[in-house]
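S.K.: Show me how the following folds:
(chains A and B)
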Number of protein chains: 2
Amino acid sequence: MPELRKDPIYGRWIIISTERGKRPSDFVSLEPPKKKAAFCPFDVGNEDKTPPEVQALRESGTRANTPGWTVRVVPNKFPALQIEGSLNRRGEGLYDKMNGIGAHEVIIETTDHDQEMSQFPVEHLERLLEVYRDRILDLRKDDRFKYILIFKNHGEAAGASLEHSHSQLIATPIIPRRVIAELRGSRQHFELKERCIYCDIVNHELSSGKRVVHQNENYVSFAPFAPRFPFETWVVPKVHDSKFENRRFGTYRDLAEIFKDALTRINRALNNPPYNFVLHTAPCQDPELEHYHWHFEIMPKLTKVAGFEWGTGFYINPTPPEDAADYLRQIDLGNGQH
Amino acid sequence: MPELRKDPIYGRWIIISTERGKRPSDFVSLEPPKKKAAFCPFDVGNEDKTPPEVQALRESGTRANTPGWTVRVVPNKFPALQIEGSLNRRGEGLYDKMNGIGAHEVIIETTDHDQEMSQFPVEHLERLLEVYRDRILDLRKDDRFKYILIFKNHGEAAGASLEHSHSQLIATPIIPRRVIAELRGSRQHFELKERCIYCDIVNHELSSGKRVVHQNENYVSFAPFAPRFPFETWVVPKVHDSKFENRRFGTYRDLAEIFKDALTRINRALNNPPYNFVLHTAPCQDPELEHYHWHFEIMPKLTKVAGFEWGTGFYINPTPPEDAADYLRQIDLGNGQH
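M.R.: Just a heads-up that it's a prediction; the model follows:
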């Protein structure tokens, strides 16, 4: 019997379609093999082929826009939003529009063209998370920006146009509707219970254990109860915190560890699938929020979003999250790689 | 300068990313060539390879589940929702779920394995639209169903798993959130203006003309002001009507004509792209609604939905709808095909 499940924060229903029940092996090799591009603007030595860097982790003594970096942040050469100008909100007949003001940056995660995020040493991943934080702290000073989204597209089917491992940041002049829906849902729960719904979910998942993938002192990774996509995995701090950029636990070491763990399990279970991840954190101009809780959502792209999803906002997911978590837990991380 | 535009009904912002401005030729051949499947369960003679038909247009005297049909409706062999049973709404800790009750049908649109919907004679398309109507009228008698969505996935990248031209129907036990958002947005407009917002949009588009693709006596096709996707095209009745199944204009002849026109233009402009369409009509158990207006949304699948879209609910569209409509208007339909 298929099951309809409701996301407790967002209010979205999804269909766990057990008739179509799928194991990891049903999804393999959707991603075509990498084609080595003739030229990569993110490779060392090509620093002048990107817009000038806005931040970089570099060996001391090296100059901006030259080799010597380990993580490098540059404006997107084809930005979706433009940094200069004012919003100029205006009408056109019954329609509303404004200028596309915002920031669009690319975070080049590594100098190694062939290294995938899950292969980064934990220390390097920790540095990268610190760069995410630095960019948010820097950009939130610009009060035109109401939200800063960090995300990653990995693999062509997940929207990556360059294979060299990179994440992106877009700062937007309005709070995105998906975040507004999360804020609204979590506020409703708080008004009713005087507790953060994400804290409730973390406690529920830790005590039930059946959707948990991994945990360490400060974080837990789990398959959410009502995932849109097969093998969708969230990484959430155990203690309440509304903003990623707070770095409440002093360091991102534990976060780097659990993030690497999650990506490694997903890659091994699903044979290096295309995926997206997004960082959801409280709006950058808001104060700390009692009802909201930052988190990462990792979404392997194994199924096609089609007419039914576009027409309804429902999602059909052929893999129950309990099964997905079980598969991911059983992945052998062996050989000291981890 | 990129532009942020707000969908006046749904409230969704989209980014018209002029930096990435794309013409039809930038999108060509995303769809791999058709692979002739060894076996097609929708071909004439294979009627026993599908579940028994629930409706068919057939030559008189032919028996169900044998050749002699022109349009054939069967239950989906791998249904996302199941028709037997009760909803049994229940909780699981802080989560909510219910049984996946609903209907999932496949409408086999033609006996010709190789004919694409835009190639159907107008008369055949008119019959097909009547079948859509018949299915809605039949299924709405079951009061477990709150919504009936008709949609089509064309091409592998748009989620079609079989190439033989077919549409689908899913009846759901709850009104989908996307439809709820349209109902809410259009009700707000009605409360303010005492007019249907779709009627206002139709009038605005007809008088401005710059986003109109085609019109006939009863319908208009146009690129919406804030489209999620390049070349997204809506087909809307000119006169107010909340339910597709009313067949307010007596016949679907004009609708078949404009639908064929839209699909033909899209196919020629974009070289037979993958696409989805959805029919949005008022919830099947609701009375007629003054504020809501049924319509088709046709969405070519030319861009990848990636981390930014998943994280925000914004969409980045590289083709302004005014340009898309202009390209589509200029398509030469020549040679009496049309």
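S.K.: Quick check: closest non-adjacent residue to the residue in chain A sticking out farthest from the centre.
M.R.: Residue farthest from the centre of chain A, counting by CA atoms, centre = their mean, is A:Gly93 at 37.3 Å. Among residues not flanking A:Gly93 along the chain, B:His204 sits closest, at 5.0 Å (CB to CB, 6 or more residues apart in numbering or on different chains). Just so you know, the C-beta spots here come from the backbone N, C-alpha and C atoms, and that holds for glycine as well.
S.K.: returning to what we had before: which pLDDT value does the model give the residue farthest from the centre of chain A?
M.R.: As predicted, A:Gly93 sits at a pLDDT of 88.
S.K.: do you know how far the residue nearest the centre of chain A is from A:Ala324?
M.R.: For chain A, A:Val278 is the residue whose C-alpha lies nearest the centre (CA atoms, centre = their mean; 2.1 Å). Distance of A:Val278 to A:Ala324, given as CB to CB, to the nearest Å: 18 Å.
S.K.: what's the answer for A:Asp241, then?
M.R.: Distance from A:Asp241 to A:Ala324, by CB to CB: 26 Å.
S.K.: With neighbour numbers in mind, choose between the two.
M.R.: Applying other CB atoms under 10 Å in any protein chain shown to A:Asp241 and A:Ala324 shows that A:Ala324 carries more neighbours, namely 28 against 24.
S.K.: right, is whichever strand or helix holds the more buried one up against chain B?
M.R.: Using DSSP states H and E, A:Ala324 sits within helix A:321-329. No. Using CB under 8 Å from any CB of the partner chain, helix A:321-329 never reaches chain B; the gap is at least 10.9 Å.
S.K.: Buried residues in that helix, which are they?
M.R.: By 16 or more other CB atoms under 10 Å in any protein chain shown, the buried positions in helix A:321-329 come out as A:Pro321, A:Asp323, A:Ala324, A:Ala325, A:Tyr327, A:Leu328, A:Arg329.
S.K.: Now pLDDT too, for those, in TSV please.
M.R.: Below are the buried residues of helix A:321-329 laid out as TSV (pLDDT from 0 to 100):
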residue	pLDDT
A:Pro321	96
A:Asp323	95
A:Ala324	96
A:Ala325	97
A:Tyr327	95
A:Leu328	97
A:Arg329	97
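S.K.: Just send these back as a markdown table, with distance to B:Gly11 too.
M.R.: Shown next, in a markdown table, are those (distance: CB to CB, whole Å):
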| residue | distance to B:Gly11 |
| --- | --- |
| A:Pro321 | 30 |
| A:Asp323 | 36 |
| A:Ala324 | 33 |
| A:Ala325 | 35 |
| A:Tyr327 | 38 |
| A:Leu328 | 36 |
| A:Arg329 | 40 |
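S.K.: among these, which two are most distant?
M.R.: With CB to CB as the measure, no two of these lie farther apart than A:Pro321 and A:Arg329, at 12.1 Å.
S.K.: returning to what we had before: pretty sure B:Leu206 is one of the things the residue farthest from the centre of chain A touches, is it not?
M.R.: No. With contact defined as CB atoms under 8 Å, A:Gly93 does not reach B:Leu206; the gap is 11.9 Å.
S.K.: now the helices for the stretch 151-300 of chain A?
M.R.: All helices of the stretch 151-300 of chain A, identified by DSSP state H, counting those that start in this stretch, fall at A:177-193, A:197-208, A:253-270.
S.K.: now for the longest one, which elements pack on it?
M.R.: Same thing as helix A:253-270. Contact analysis of helix A:253-270 by 3 or more CB pairs under 8 Å, 6 or more residues apart in numbering or on different chains; DSSP states H and E lists helix A:122-139, strand A:212-215, strand A:219-222, strand A:233-237, strand A:295-300, helix A:321-329 as its packing neighbours.
S.K.: contacts for the last one?
M.R.: If I follow you right, that is helix A:321-329. For helix A:321-329, contacts defined as CB atoms under 8 Å, 6 or more residues apart in numbering or on different chains pick out A:16, A:21, A:23-24, A:210-214, A:222-227, A:230-233, A:262, A:265-266, A:269.
S.K.: And it, how far out from the chain middle?
M.R.: Put simply, helix A:321-329 sits 20 Å off its chain's centre (CA atoms, centre = their mean, to the nearest Å).
S.K.: same check, this time on the second one
M.R.: Offset of strand A:212-215 from its chain centre (CA atoms, centre = their mean): 17 Å.
S.K.: Extract the CA atoms of that strand and return them as PDB.
M.R.: Output in PDB follows, covering the C-alpha atoms of strand A:212-215 (Å, rounded to 0.1, in the frame of the first residue of the first chain):
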ATOM      1  CA  VAL A 212      19.400   7.800  11.400                       C
ATOM      2  CA  VAL A 213      22.400   7.500   9.100                       C
ATOM      3  CA  HIS A 214      25.200   8.600  11.500                       C
ATOM      4  CA  GLN A 215      25.800  10.900  14.500                       C
END
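S.K.: Output the contacting helices and strands for that strand.
M.R.: If you count contacts as 3+ CB pairs under 8 Å, 6+ apart, strand A:212-215 packs onto helix A:197-208, strand A:219-222, helix A:253-270, helix A:321-329.
S.K.: Of the ones you listed, flag the one that's most buried.
M.R.: Of those, the one with the most neighbours on average (mean count of other CB atoms under 10 Å in any protein chain shown) is strand A:219-222, at a mean of 25.
S.K.: That strand pairs with which strands?
M.R.: Looking at strand A:219-222 with DSSP bridges, its partner strands are strand A:212-215 (antiparallel), strand A:233-237 (antiparallel).
S.K.: now the helices of the stretch 151-300 of chain A in JSON lines, with mean pLDDT?
M.R.: Formatted as JSON lines, these follow (pLDDT from 0 to 100):
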{"stretch": "helix A:177-193", "mean pLDDT": "95"}
{"stretch": "helix A:197-208", "mean pLDDT": "97"}
{"stretch": "helix A:253-270", "mean pLDDT": "96"}
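S.K.: Show me how far stretch A:94-102 is from its chain's centre.
M.R.: Taking CA atoms, centre = their mean, one finds stretch A:94-102 lying 26 Å from the centre of the chain it belongs to.
S.K.: again with stretch A:147-165
M.R.: Centroid separation for stretch A:147-165 versus its chain: 10 Å, with CA atoms, centre = their mean.
S.K.: The residue nearest to A:Gly93 contacts A:Leu94, doesn't it?
M.R.: Yes. Using CB under 8 Å, B:His204 and A:Leu94 qualify as a contacting pair, with a distance of 5.9 Å.
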